[in-house]
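K.L.:
sequence and predicted structure, then a few things I'm wondering about:
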Amino acid sequence: MNRFAALLDALLFTPSRNGKLRLMREYFAGESDPERGWALAALTGELSFAEAKPNQVRALAAERVDPELLGWSYDFVGDLAETVSLIWPVSAHAQGEVPSLTEIVEQLRGASRAEVGRLLKLVTGSLRIGVSARLAKTALAEWSGVGIDHIEEVWHGLEPPYQPLFAWLEGHAPSPQTGNLPTFYPLMLAQPLDDGDLAALDPRDYLAEWKWDGIRVQLVARGGQKRLYSRSGDDIGAAFPDIGAATPDYVTLDGELLVVRDGEAAPFNDLQQRLNRKTPTQKLLHDFPAAVRLYDILREGAEDFRGLTFAERRQRLEAWHARAPRPGLDLSPLVPFAGWDELRELRDGARERGIEGLMLKRADSLYVTGRPKGPWFKWKRGALTLDTVLMYAQRGHGKRSSFYSDYTFGAWQDDVLVPVGKAYSGFTDDELRRLDRWVRNNTVRRYGPVREVAPDIVLEVAFDSVHRSSRHKSGIAMRFPRIHRIRWDKPVREADTLETLEKLLT
């Protein structure tokens, strides 16, 4: 456990991606089984303990620490588990030799709710050390020399502590056999395209389709089981039982998850009502009906189509879709065009239909993992921008837990500022430090962890679209807001109005 704790500390204080990869490679190479397997499970978020939940951790801390002190400490640190681990009374710590990670996991797996007040970072399942599951798998790939796409393909057929995986990566055993399990195929992704790039491309080589404003998913049905995977390989099927019911057997499909009504894709804000929910209510299922607009077919029965060209796979997809009714699964239509100018006009009109833009795919492209340069391009419509006023600030999490980095901004409605969005990206580290210092020096009120600031800074915010929303006081919500520029020079009275934003509603 000491080695794993040292790894977590080192990862937390190592900002660079390459540095984190080096630390994990060294740990996997030097640690034994099953210890490193449980460590990998913790790093990838695969550890789960039925009787250990964040609310219980908070309650345990409140029994031993003054609630007011706990609240202020949580505000400062920005992470519940880290706060409790720092503030926990010394007398509550066990004495004697530190157990191994394996021993701790085994004890927690069989523990009752009254016995889980230790190892709070593992219990809550969120390490906040700047390591994603993908980065941990990348470290495995670099350490072992096995391609990350091969690791991804077997990952969902394995369970902690991953001893068959490590035996394979070290060359002691063949690749783990996932049999007929519904495993995830790493997705093929597209490169962004600018107008200036078109001159080097021949339109005769490409097929075009719409880039829908949902989330990319993969539907897998094999061995009597069905899975709905996000683009990162997370199983999100529990939140979308209607998609699971609509998925036929013995097929792997690539598409866009949307809310669809009467054949028309609804705004992304409607899909957000369904995302990140463990079990949707019947009302949600009725009011926000999910569907998948299909882009590609990767497998049917025992046949793997990834080695076929996109044009051939498209023919297979159309033939498969036509063989039987496919409620909840429709085809993303190809967009016919004669040249780039015609396609540009279509893309420029996409915003009115709530479409993100266009995809260009070489007709002869095979389905390969990752983001190869050349076969696929995403040609998105330009971002919208709005001048807003900074109204509230809140501390971030992880590396930003000591900075006020989450900013709520507003637009003018007559002479009153109305909140219209929140952003926590788009600025440099130097700009973050300057904003944090300004927030501390210009706070006018506090609401728990939130600071209201004097209305003196204009933030130019970029976003993709605007939708109606009952969750926001302004009645609207921005899609993917991010800070484009900090307008230290601009008077706040010159910021935009709510009326301006409402004109952009889709």
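P.N.:
Thanks, I have it. Numbers count the residues shown, from 1 in each chain.
K.L.:
can I see the domain layout of the protein?
P.N.:
The record's domain parsing of the chain by automatic domain parsing lists 191-380, 384-502.
K.L.:
closest to residue 131 out of the ones you listed?
P.N.:
With C-beta to C-beta as the criterion, residue 131 lies closest to domain 384-502 of those, at 10.3 Å. (Glycine included, C-beta is placed from N, CA and C.)
K.L.:
thinking again about what came up before, lowest average confidence across the domains of the chain, which one?
P.N.:
Of all these, domain 384-502 carries the lowest average pLDDT, namely a mean of 88.
K.L.:
low-confidence ranges in the stretch 1-150 of the chain?
P.N.:
The stretch 1-150 of the chain contains residues with pLDDT under 70 at 1, 49-54, 76-79, 88-98, 110-130.
K.L.:
ranges for the helices of it?
P.N.:
Using DSSP state H, counting those that start in this stretch, the helices found in the stretch 1-150 of the chain span residues 2-12, 17-30, 35-43, 54-64, 67-77, 80-87, 101-109, 120-124, 133-144, 148-155.
K.L.:
looking at those helices, which is buried most?
P.N.:
The highest average neighbour count among the helices of the stretch 1-150 of the chain, using mean count of other C-beta atoms under 10 Å, belongs to helix 35-43 at a mean of 24.
K.L.:
that helix vs helix 17-30, what angle?
P.N.:
Counting by axes from the mean of the first three to the mean of the last three C-alpha atoms, to 10 degrees, helix 35-43 lies at 150 degrees to helix 17-30.
K.L.:
which residues does helix 35-43 contact?
P.N.:
3-4, 7, 24, 27-28, 31, 46-47, 100-102, 105, 122, 127, 131, 133, 136, 140, 160-163, 165-166 (C-beta atoms under 8 Å, 6 or more residues apart in numbering).
K.L.:
hmm, back to that, export the domains of the chain as a markdown table, with columns for mean neighbour count and distance to residue 154.
P.N.:
Shown next, in a markdown table, are the domains of the chain (neighbours: other C-beta atoms under 10 Å; distance: least, C-beta to C-beta, whole Å):
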| stretch | mean neighbour count | distance to residue 154 |
| --- | --- | --- |
| domain 191-380 | 17 | 12 |
| domain 384-502 | 17 | 30 |
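K.L.:
mind checking which of these is nearest residue 149?
P.N.:
Closest to residue 149 of the domains of the chain is domain 191-380 (C-beta to C-beta; 3.8 Å).
K.L.:
centre of the chain to the closest one, how far?
P.N.:
Computed by C-alpha atoms, centre = their mean, to the nearest Å, the chain-centroid distance of domain 191-380 equals 17 Å.
K.L.:
and it, how far apart are its ends?
P.N.:
11 Å (C-alpha to C-alpha, to the nearest Å).
K.L.:
for residue 309, which non-adjacent residue is closest in space?
P.N.:
Closest residue to residue 309 apart from its sequence neighbours, by C-beta to C-beta, 6 or more residues apart in numbering: residue 364 at 4.8 Å.
K.L.:
and residue 147, what does it touch?
P.N.:
For residue 147, the contact set (C-beta under 8 Å, 6+ apart) comprises residue 141.
K.L.:
dig out what residue 447 forms beta bridges with.
P.N.:
residue 450 (DSSP bridges).
K.L.:
start at 38, not 1
P.N.:
Got it, the first residue is 38 from now on, which makes the last one we talked about residue 484.
K.L.:
can you pull out the helices in the stretch 238-387 of the chain?
P.N.:
Assigned by DSSP H, counting those that start in this stretch, the stretch 238-387 of the chain shows helices spanning 278-283, 305-309, 319-324, 347-359, 377-385.
K.L.:
give me the contact list for the third one.
P.N.:
Counting contacts by C-beta under 8 Å, 6+ apart, the residues outside helix 319-324 that touch it are 278-279, 310-311, 314.
K.L.:
got CSV for the helices of the stretch 238-387 of the chain, with distance to residue 525 too?
P.N.:
As requested, the helices of the stretch 238-387 of the chain are exported to CSV (distance: least, C-beta to C-beta, whole Å):
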stretch, distance to residue 525
helix 278-283, 47
helix 305-309, 32
helix 319-324, 43
helix 347-359, 48
helix 377-385, 33
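K.L.:
out of those, which comes closest to residue 463?
P.N.:
Checking those against residue 463 by C-beta to C-beta gives helix 305-309 as the closest, at 19.0 Å.
K.L.:
can you list contacts of the closest one?
P.N.:
Contact partners of helix 305-309, identified using C-beta under 8 Å, 6+ apart, comprise 250-252, 294-296, 325, 327, 502, 504-506, 514, 516.
K.L.:
dump the residues you listed into JSON lines; add distance to residue 230 as well.
P.N.:
Putting the contacts of helix 305-309 into JSON lines (distance: C-beta to C-beta, whole Å) gives the following:
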{"residue": "250", "distance to residue 230": "17"}
{"residue": "251", "distance to residue 230": "20"}
{"residue": "252", "distance to residue 230": "21"}
{"residue": "294", "distance to residue 230": "23"}
{"residue": "295", "distance to residue 230": "23"}
{"residue": "296", "distance to residue 230": "27"}
{"residue": "325", "distance to residue 230": "32"}
{"residue": "327", "distance to residue 230": "29"}
{"residue": "502", "distance to residue 230": "19"}
{"residue": "504", "distance to residue 230": "25"}
{"residue": "505", "distance to residue 230": "31"}
{"residue": "506", "distance to residue 230": "30"}
{"residue": "514", "distance to residue 230": "28"}
{"residue": "516", "distance to residue 230": "20"}
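K.L.:
those in strands, which ones?
P.N.:
Using DSSP state E, the subset of the contacts of helix 305-309 located in strands is 252, 294-296, 327, 502, 504-505, 514, 516.
K.L.:
all helices of the stretch 388-537 of the chain, in order?
P.N.:
466-478, 535-539.
K.L.:
next, format these as CSV and append distance to residue 72.
P.N.:
Output for the helices of the stretch 388-537 of the chain, formatted as CSV (distance: least, C-beta to C-beta, whole Å):
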stretch, distance to residue 72
helix 466-478, 35
helix 535-539, 53
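K.L.:
minimum distance to residue 359: which of the ones you listed has it?
P.N.:
helix 535-539 (42.6 Å).
K.L.:
show me what that closest one is packed up against.
P.N.:
Applying 3 or more C-beta pairs under 8 Å, 6 or more residues apart in numbering; DSSP states H and E, one finds that helix 535-539 contacts strand 441-450, strand 453-460, strand 513-516.
K.L.:
same list, those strands, but as CSV with distance to residue 353 please.
P.N.:
Shown next, in CSV, are the helices and strands packed on helix 535-539 (distance: least, C-beta to C-beta, whole Å):
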stretch, distance to residue 353
strand 441-450, 46
strand 453-460, 42
strand 513-516, 33
